[in-house]
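Visitor: sharing a sequence plus its predicted fold:
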Amino acid sequence: EGMESDLRLKHLLFYDEGPGATVSVEQTQNTLSLKIDGKVDASNSTDMINQEILAHLPLLMHPQAETVLVIGLGSGVSLGSAEQHPVRHLDCVELLKNVVAAADCFKNDTHDCLHDPRVTLVLGDGRNHVLLSDKKYDVIISEPTNVWVSGVGDLFTVEFFRLARQRLKPGGVMSAWFYTYHMGDAELRAGIKAFTTIFPHTTMWLSNESDLVLVGTLEPSKIDEAFLARMNDPKVASDLARVGIHEPADLLGAMLLNEDQLAEYARPARLHTDDNMLMEFNSGRRLFQSTHEVHLANIVERLRPNYFKYLDAATNDRVMVQAQARKLAMEGSLTRLRGNTPEAVRLYDAAYAAAPLDPYVLSKYVEVHLQVGDALLGQQDFARAREHYEKVAAAPAGPDLWVAYDGIGLADYYQNDFAGARDAFQTDITLNPNNSSGFARLGDVLIELADTTGAIKAYEQAVELAPWDLDTVNSLAWYYLERGLNLERALSLARQAARDGKQANYFDTLGCIYLKLSKLDEAAGALGRALRLEPQRTESIFHLALVRQAEGRTGDMRKLLQQVVALDTHGDWGAKARAMLGS
């Protein structure tokens, strides 16, 4: 049932069964996800910062990049971010033609990257392109899918990185995506060793909780005032700002390991090569293992905030603060993985207090308080749940801000603060107009506030977004009935709910609408169906008594009312039945 509800929240925007893979694009709430053979490979939510950093870092490190190669189009976010730099030409190699077609769904997130006149799209294999092409590039960006996917391992081997180096111009920079989930310690170190063997001057950056970016050069690279100047280019700055990177420290604080630390980390590993493919074969065995903790512990153990000798002291001071805050947040994640959520919350809170605008710190702070709030809501500890949601609402705005207001609204509703719940749900749907449940909950609250007109409007929007939400469909039908408005619409909705849901309360609503329309046989039939599903449903027995009254069958009416009185001795339906019998 939960899976069915989850699947119904997804709207399929694109689907194509191609010769290489089945590609789809789904929308869930405000998030678009690109799926290849059912596996999410890119999105415009939590993946955004990883997709952007992968492109921006090598271009910021190169003093004057003119030509760029992007291996793997995916959603197109990395290509679009690379286009924000003043480069002359970009090649993008993508294996799957239907991925190219799907990328059109993301054009609002990618600056419509494929229509940039500087771009040449190459349909083909990324490794073959670097093997067979005679072109040279200033920057190469490698963003394949996960290494456990058959055939992808050869984009992580020492032989591939050697070929890529041959395609770089003097002074060239390469970035490559690595990750920590479903990846054993030996595999990750082997891939990193393959990269650092070819690019001796490599740094590791944290782009997301479990996403890593390696940036490598053949000669020592400088992070200096020119790097900062390139960050301040208006188009680059604007692109970085949308993932929470507003100043140099927001990005530079993401460096995890410098070249010496990274070399020491990779030293004991075997090389990942074309001949052993140990990353591809071994990581495939770890799809149901939680491996992130191992890598996080290794990184936290080695993590020392980096001092950038070509930058001024004030900039370095800000970087140090954010790097320390990130380390605290990473320790929080490690503590959480080990089962100590209260201590993890304390560490996240301390990291947030030190660097509230750091994108990684902020993301973890928001994530943990939403999860703790949800847990407390499930335990019916509404006041404490609200406190956690309020922390998120008070934090700098992010893509999950609507979730916090959804939680605040529920906490207020269950504490009978209907005005507060109304305000929270209105903010919720303003932030996320695709949230059907937010509209439905707003409708529930407005009913409590006696605003039936507003409730009907909210329910209509909820039904438009989620016609499969039969509880809301039924509620809307009922409130049309209560107001005596648009009874044909009410009947259509009630028929839909009863047909698809087959629940007693849906047939009860349908029967009452038939009664209002004086279709007595249909009313009796629907209420009889409700009572076959729930034989002691006093509400439906009472409504059937009204049908018998309308038919002039007074004796049958009395028997039904007496049954209601017997079943509901102290409730509202029993009281109504006694009043009718008394009159």
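Guide: That came through, no problem.

Visitor: only C-alpha atoms from now on, for both contacts and neighbour counts.
Guide: Will do.

Visitor: how much space between Tyr480 and Gln415?
Guide: Using CA to CA, to the nearest Å, one gets 27 Å for the distance from Tyr480 to Gln415.

Visitor: who has more neighbours, those two?
Guide: Tyr480 (21 against 15; other CA atoms under 10 Å).

Visitor: and the closest residue to that one other than its chain neighbours, how many neighbours?
Guide: Using CA to CA, 6 or more residues apart in numbering and skipping the chain neighbours, the partner closest in space to Tyr480 is Ala490 (5.8 Å). Around Ala490 there are 25 other residues, counting by other CA under 10 Å.

Visitor: could you say which helix or strand contains Ala490?
Guide: Using DSSP states H and E, Ala490 sits in helix 487-501.

Visitor: ditto for Thr203
Guide: Thr203 belongs to strand 201-208 when assigned by DSSP H and E.

Visitor: quick one: average pLDDT of that strand?
Guide: Here strand 201-208 scores 95 as its mean pLDDT.

Visitor: same thing with stretch 127-140?
Guide: Rounded mean pLDDT across stretch 127-140 is 96.

Visitor: and that stretch, how far out from the chain middle?
Guide: Distance, stretch centre to chain centre, for stretch 127-140: 34 Å (CA atoms, centre = their mean, to the nearest Å).

Visitor: distance between the ends of that stretch?
Guide: Stretch 127-140 has an end-to-end distance of 12 Å (criterion: CA to CA).

Visitor: neighbouring contacts of it?
Guide: For stretch 127-140, the external contacting residues (CA atoms under 8 Å, 6 or more residues apart in numbering) are 58-59, 62, 65-71, 93, 154-155, 160, 163-164, 166-175.

Visitor: again with stretch 450-466
Guide: Applying CA under 8 Å, 6+ apart, the contact partners of stretch 450-466 are 8-9, 434-440, 442-447, 469, 472-473, 475-476, 479-480.

Visitor: give me the buried subset of those residues.
Guide: Neighbour counting with 16 or more other CA atoms under 10 Å marks 9, 434-440, 442-447, 469, 472-473, 475-476, 479-480 as buried within the contacts of stretch 450-466.

Visitor: next step: those restricted to strands.
Guide: Residues of those located in strands (DSSP state E): none.

Visitor: how distant is stretch 360-375 from the center of its chain?
Guide: 13 Å.

Visitor: list the buried ones in it?
Guide: Buried residues in stretch 360-375 (16+ other CA under 10 Å): 360-366, 368-370, 372-374.

Visitor: for those, which one is nearest Ser583?
Guide: Using CA to CA, Asp374 is the member of the buried residues of stretch 360-375 that lies nearest Ser583, at 49.8 Å.

Visitor: contact partners for the nearest residue to the closest one once chain neighbours are set aside?
Guide: What sits nearest to Asp374 in space, not counting adjacent residues and going by CA to CA, 6+ apart, is Ala385, at 6.9 Å. Listed by CA under 8 Å, 6+ apart, the contact partners of Ala385 are Val372, Gly373, Asp374, Ala375, Leu376, Leu377, Gly407, Ala411.

Visitor: tell me, how many residues neighbour Met314?
Guide: One thing to correct before we go on: residue 314 is Ala, not Met. So Ala314, with other CA under 10 Å, has 9 neighbours.

Visitor: host element of it?
Guide: helix 313-337.

Visitor: in the stretch 351-500 of the chain, which spans are helices?
Guide: 359-378, 382-394, 401-414, 418-431, 436-448, 452-465, 470-483, 487-501 (DSSP state H, counting those that start in this stretch).

Visitor: any idea how far Asp125 lies from Ala266?
Guide: Separation of Asp125 from Ala266 (CA to CA): 28 Å.

Visitor: which of these two has more residues huddled nearby?
Guide: The residue with more neighbours, out of Asp125 and Ala266, is Ala266; 21 against 15, by other CA under 10 Å.

Visitor: list the contacts of the residue nearest to Tyr480.
Guide: By CA under 8 Å, 6+ apart, the contact list for Ala490 reads Leu476, Ala477, Trp478, Tyr480, Leu481, Ile513.

Visitor: circling back: can you say which of the contacts of stretch 127-140 are buried?
Guide: Using 16+ other CA under 10 Å as the burial test, the contacts of stretch 127-140 include 58-59, 62, 65-71, 93, 154-155, 160, 163-164, 166-168, 171-175 as buried.

Visitor: in helices, which of the residues you listed fall?
Guide: Using DSSP state H, the members of these that fall within helices are Pro58, Leu59, Phe160, Leu163, Ala164, Gln166.

Visitor: who touches the third one in this structure?
Guide: Each residue near Phe160 by CA under 8 Å, 6+ apart is listed here: Arg127, Asp154.

Visitor: now the one 5 residues further on
Guide: Going by CA under 8 Å, 6+ apart, Arg165 touches Ile198.

Visitor: switch the cut-off to 10 Å
Guide: 130, 136-137, 140, 159, 172-174, 198-199, 216-218 (CA atoms under 10 Å, 6 or more residues apart in numbering).

Visitor: Ala395 too?
Guide: Taking CA under 10 Å, 6+ apart as the test, what Ala395 contacts is Tyr352, Pro356, Leu357, Leu362, Tyr365, Val366, Leu401.

Visitor: surely the last one and His369 touch.
Guide: So the one you mean is Leu401. No: between Leu401 and His369 there is no contact under CA atoms under 10 Å: 11.6 Å.

Visitor: any residues in contact with both of the two?
Guide: Contact criterion CA under 10 Å, 6+ apart; residues shared by Leu401 and His369: Tyr389, Val392.

Visitor: low-confidence ranges, this structure, go.
Guide: 1 (pLDDT under 70).

Visitor: quick one: which of the contacts of Ala395 is nearest to Ala82?
Guide: Leu357 (24.1 Å).

Visitor: ok, the closest one touching Ile245?
Guide: Yes: here Leu357 reaches Ile245: they are 8.5 Å apart, a contact under CA under 10 Å.

Visitor: those two: who's more crowded?
Guide: The neighbour comparison of Leu357 against Ile245 (other CA under 10 Å) goes to Ile245, with 22 against 19.

Visitor: for the more buried one, which non-adjacent residue is closest in space?
Guide: Sequence neighbours aside, Leu251 is the residue nearest to Ile245 in space, at 6.3 Å (criterion: CA to CA, 6+ apart).

Visitor: please apply the same query to Val366.
Guide: Nearest to Val366 is Val392, by CA to CA, 6+ apart, at 5.5 Å.

Visitor: gap between the residue nearest to Leu567 when sequence neighbours are not counted and Leu470?
Guide: What sits nearest to Leu567 in space, not counting adjacent residues and going by CA to CA, 6+ apart, is Thr538, at 6.9 Å. Applying CA to CA, the value for Thr538 to Leu470 is 22 Å.

Visitor: same question for Trp177.
Guide: 44 Å.

Visitor: ok so, going back, the residue nearest to Val366: neighbour count?
Guide: By other CA under 10 Å, 25 other residues sit near Val392.

Visitor: give me the angle between the longest strand anywhere in the chain and strand 201-208.
Guide: Counting by DSSP E, the longest strand found in the chain is strand 168-179. Interaxial angle, strand 168-179 versus strand 201-208 (axes from the mean of the first three to the mean of the last three CA atoms, to 10 degrees): 40 degrees.

Visitor: parallel or antiparallel, list what pairs with strand 168-179.
Guide: Paired neighbours of strand 168-179 in the sheet (DSSP bridges): strand 137-142 (parallel), strand 211-217 (antiparallel).
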